[in-house]
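A.B. asks: just a sequence and a predicted model for now, questions to come.
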Amino acid sequence: MNAVTAPAPYRLGEFHAFAAGSREYVYMPAGAVFELDGAARQVIDALGTGTLGHRDLIDRLVGEGHDRADAEELVRELRLAHVIVSGELVAAPLSNPPADFPLNALVLNITNQCNLACTYCYEFGADKIATPQGKPKYMGLETAKASVDFLLAQSAARKSVHITFFGGETLMNYPLLKEVVLYADAQGAAAGKAVSYSLTTNATLLTPEIIAFLSDHAIGVTVSMDGPPDLQDKRRVYRSGKGSYAVIEPRLRALIANHRTRAITARVTLTDGVNDVMRIYRHLKDDLGFHEVGFAPVTSSEQAYALGEGGMDSMLAQFRLLADEWLEYALRGEMHGFSNVSETISELIQGVNKSHPCGAGIGLLGVGPSGDLSPCHRFTDADTHSLGNIATGIDRSKQEAFLTRGHVASKYDCQSCWARPLCAGGCHHEAFVRYGDTGHANLHYCDWIREWTDVCLKVYGVLSARNPEFLERFAARKAQS
Amino acid sequence: MKHLKPLNSKARRIEEMLSPVTPVEVTAAKMIGAGASQEEEVADVVALQQAPPPHVPMGCTLSFSPGWEVDGGGGTAGLCQPAERDIYDCYVTCFWPVQVPDHVNNSPDWASNCAAATKDWRKLDIIFP
């Protein structure tokens, strides 16, 4: 009649075990990283893929030379940390962030116009989700000012907020950008909040005056570019088909030489034929002098641009080489510019356990030229994804629907994946383009995400053993930025 | 923690959370006569359970969920718990393997997708014993 009088046998809990150097570690679903000692390893080996009752497990450990009391203590510790479990373990569900979560950042899409016609751009072509017909092409000053006021008002007790300028080509509306920075500085000072800025640009329109303004106001710059001339000009082209490298090169050199207040980052889109990660990295970092370089495969449902199976494998192999180099630098106490590793390491330091893949619709919102709010810049001007308007505020029911849909707990495929604390199913926009549903797990990347997370965990393990001070400094630096 | 070395902020928080618990647990184990029966793990939750065994879970015969079967007027129109909540209550608290899939012996995972019965009851699927 009752089957629960005897304690259920132990089995392994949910974790990802990895080794780095001569040490062994576990990465837990809560985001925690623990180093195992030999005794803990023995328990994991003893359970393997099976189960053992308490007495059998203790007896086995005693047989392996442990004192009985020590073995009890060991088993208790692993049980409390959920490295081993018994019975039914119901994980506490991650709750949605509170509806009035303070706003941290706005992405102002100050124009949806662009002077380039990059063939893979998600704002055009088959994957376009924006419906800009009948809406302004350029954001006006009133909308921009209202956005700044909105951000400051919605940021509750936050001491600092961030504004990102985006496009289209952002600098096609540089006059507005300038006004917004001056206005936000004044309003921020009045509200007792620091306002920081960044922008994304294709660099074609940079001038000495603009560079001086960006530097003077500590505006972080991310340049979208794909690498040396042959790769850059393959898809980052003008409407005429002419490549953009020759136009941007002198402007980039001037930017990197004269912008002294923030790191200058390159953001590379990897596509079919533009996937020589090492060569791109060397060019951008060593030849042009970018401080940081980050890579991501293109978001596209069109196979013409997408990296094929082999392309993803080759990309990962090259990422590994750069990760090794990142580690060599870190062991010497130096910063390396490969930001794909840096970003993951900073999340591992915290041990994040995400309810959502990113801050879109939570602490971050996008604003279109018309003042329409969207989860992020990738959904700008897409009516079906609108979350309200600057003039009328956030549409809370739409926001809740978006967040409920995108919550990791509602993604069935993620429930048994050890990488979910960091990934949480991946980009909402990518999911929409691929599967027509922002709440769909990005299944096409799963193996790759797990492999990449494993690479970064190993880097983390080695660093925590051999240069933990570097991780501390890294965390402090991240906290400031 | 002796065998697990915390390496990031989350791990350190887990260590802090667990550290004070352990001495209490050890004390509790000693108070109930540790040594002879140390293999009998101290259960995390002992409330609502009888000791010594056999274990008889609390069920509808032992507890009364207000508004469960009839409303204040003797009818069913004003039940404070919807019918689907009834099913769920049987599942969680009752060991008798007839009415609904039972949590205790045969269908421990039946309601794992049903965090809140009033909202998620559609996720309670039929089972094939």
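C.D. replies: Perfect, thanks for sending it. Keep in mind the model is a prediction, meaning the values are calculated, not measured.
A.B. asks: domain parsing of the chain, as residue ranges.
C.D. replies: Answering for chain A, as no chain was given. Following automatic domain parsing, chain A resolves into domains at A:10-86, A:105-396.
A.B. asks: wrong one, chain B
C.D. replies: B:1-42, B:51-129.
A.B. asks: among those, where is the model least confident on average?
C.D. replies: With a mean of 63, domain B:51-129 has the lowest mean pLDDT of the domains of chain B.
A.B. asks: between the domains of chain A, which gets nearest to chain B?
C.D. replies: domain A:105-396 (2.5 Å; CB to the nearest CB). Every residue, glycine included, has its C-beta placed from N, CA and C.
A.B. asks: and the end-to-end length of the closest one?
C.D. replies: In domain A:105-396, first residue to last residue: 18 Å (CA to CA, to the nearest Å).
A.B. asks: neighbours around the residue of chain B found nearest chain A, how many?
C.D. replies: Proximity of chain B to chain A (CB to the nearest CB) peaks at B:K10, 2.5 Å away. If you count neighbours by other CB atoms under 10 Å in any protein chain shown, B:K10 ends up with 22.
A.B. asks: that one and A:G31 touch, don't they?
C.D. replies: Yes: with contact defined as CB atoms under 8 Å, B:K10 reaches A:G31; the gap is 4.4 Å.
A.B. asks: hmm, back to that, turn the domains of chain A into JSON lines, including mean neighbour count.
C.D. replies: Output for these, formatted as JSON lines (neighbours: other CB atoms under 10 Å in any protein chain shown):
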{"stretch": "domain A:10-86", "mean neighbour count": "18"}
{"stretch": "domain A:105-396", "mean neighbour count": "19"}
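A.B. asks: make CSV from those and add mean pLDDT and distance to chain B to it.
C.D. replies: Formatted as CSV, the domains of chain A follow (pLDDT from 0 to 100; distance: least, CB to the nearest CB, whole Å):
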stretch, mean pLDDT, distance to chain B
domain A:10-86, 95, 4
domain A:105-396, 94, 2
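A.B. asks: out of those, which is closest to B:K2?
C.D. replies: Smallest distance to B:K2 across the domains of chain A (CB to CB): 6.4 Å, for domain A:10-86.
A.B. asks: ends of that closest one, what's the gap?
C.D. replies: For domain A:10-86, the end-to-end distance is 5 Å (CA to CA).
A.B. asks: give the contact list for the residue of chain B closest to chain A.
C.D. replies: A:M28, A:A30, A:G31, A:A32, A:V33, A:Q350, A:G351, A:V352, A:N353 (CB atoms under 8 Å, 6 or more residues apart in numbering or on different chains).
A.B. asks: out of those, what pair is the most spread apart?
C.D. replies: Largest separation among the contacts of B:K10 by CB to CB: A:M28 and A:Q350, giving 13.7 Å.
A.B. asks: how about the secondary structure of the residue of chain B closest to chain A?
C.D. replies: Look at B:K10: counting by DSSP: H, G, I helix; E, B strand; the rest coil, its state is helix.
A.B. asks: please name the nearest non-neighbouring residue to it.
C.D. replies: Computed as CB to CB, 6 or more residues apart in numbering or on different chains, the closest residue to B:K10 that is not its neighbour in sequence is A:G351, at 2.5 Å.
A.B. asks: phi, psi for that neighbour please.
C.D. replies: Main-chain dihedrals, A:G351, degrees, to the nearest 10: phi 80, psi 40.
A.B. asks: isn't it right up against B:P6?
C.D. replies: No: A:G351 lies out of contact with B:P6 (CB under 8 Å); the separation is 9.1 Å.
A.B. asks: what do those two both touch?
C.D. replies: Contacts common to A:G351 and B:P6, judged by CB under 8 Å, 6+ apart, are A:A32, A:V33.
A.B. asks: can you redo the domains of chain A as JSON lines with distance to A:Y445?
C.D. replies: JSON lines is the format used below for the domains of chain A (distance: least, CB to CB, whole Å):
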{"stretch": "domain A:10-86", "distance to A:Y445": "17"}
{"stretch": "domain A:105-396", "distance to A:Y445": "8"}
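A.B. asks: wait, A:G87 touches A:Y10, no?
C.D. replies: No: look at A:G87 against A:Y10 with CB under 8 Å: they stay out of range, at 9.5 Å.
A.B. asks: for A:G227, identify the helix or strand it belongs to.
C.D. replies: Using DSSP states H and E, A:G227 is not contained in any helix or strand.
A.B. asks: my guess is it meets A:R282, correct?
C.D. replies: No: if you go by CB under 8 Å, A:G227 and A:R282 don't touch, sitting 9.3 Å apart.
A.B. asks: number of residues surrounding the residue of the stretch 101-250 of chain A found nearest chain B?
C.D. replies: Nearest residue of the stretch 101-250 of chain A to chain B, counting by CB to the nearest CB: A:N104, 19.4 Å away. By other CB under 10 Å, 18 other residues sit near A:N104.
A.B. asks: and the closest residue to it other than its chain neighbours, its phi and psi?
C.D. replies: Counting by CB to CB, 6+ apart, the nearest residue to A:N104 once its immediate chain neighbours are dropped is A:G363, at 3.7 Å. When quoted as degrees, to the nearest 10, the phi and psi of A:G363 stand at phi -100, psi -10.
A.B. asks: one more: A:F101?
C.D. replies: The phi/psi pair for A:F101 (degrees, to the nearest 10) is phi -50, psi 130.
A.B. asks: got a list of what it touches?
C.D. replies: Counting by CB under 8 Å, 6+ apart, A:F101 makes contact with A:I362, A:G363.
A.B. asks: for A:D230, same thing?
C.D. replies: Neighbours of A:D230 in contact, by CB under 8 Å, 6+ apart: none.
A.B. asks: surely A:C358 and A:G425 touch.
C.D. replies: No: with contact defined as CB under 8 Å, A:C358 does not count as touching A:G425 (10.3 Å).
A.B. asks: quick one: contacts for A:G311?
C.D. replies: Counting by CB under 8 Å, 6+ apart, A:G311 has contacts A:L270, A:D272, A:N275, A:P297.
A.B. asks: which is the next helix or strand following the longest helix seen in chain A?
C.D. replies: Ranked by residue count and defined by DSSP state H, the top helix of chain A is helix A:309-331. Per DSSP H and E, the first helix or strand lying C-terminal to helix A:309-331 is helix A:339-350.
A.B. asks: just how off-centre is that following helix within its chain?
C.D. replies: Centroid separation for helix A:339-350 versus its chain: 9 Å, with CA atoms, centre = their mean, to the nearest Å.
A.B. asks: ok, residues contacting the helix or strand that it is followed by?
C.D. replies: Counting by DSSP H and E, the next helix or strand C-terminal to helix A:339-350 is strand A:364-367. The set of residues external to strand A:364-367 that reach it, using CB under 8 Å, 6+ apart, is A:103-109, A:139, A:143, A:147, A:166, A:358, A:360, A:373-380, A:387, A:390, A:394.
A.B. asks: which elements pack onto the helix or strand just after strand A:364-367?
C.D. replies: Of the helices and strands lying after strand A:364-367 in sequence (DSSP H and E), the nearest is strand A:373-374. With contacts taken as 3 or more CB pairs under 8 Å, 6 or more residues apart in numbering or on different chains; DSSP states H and E, strand A:373-374 sits against strand A:364-367.
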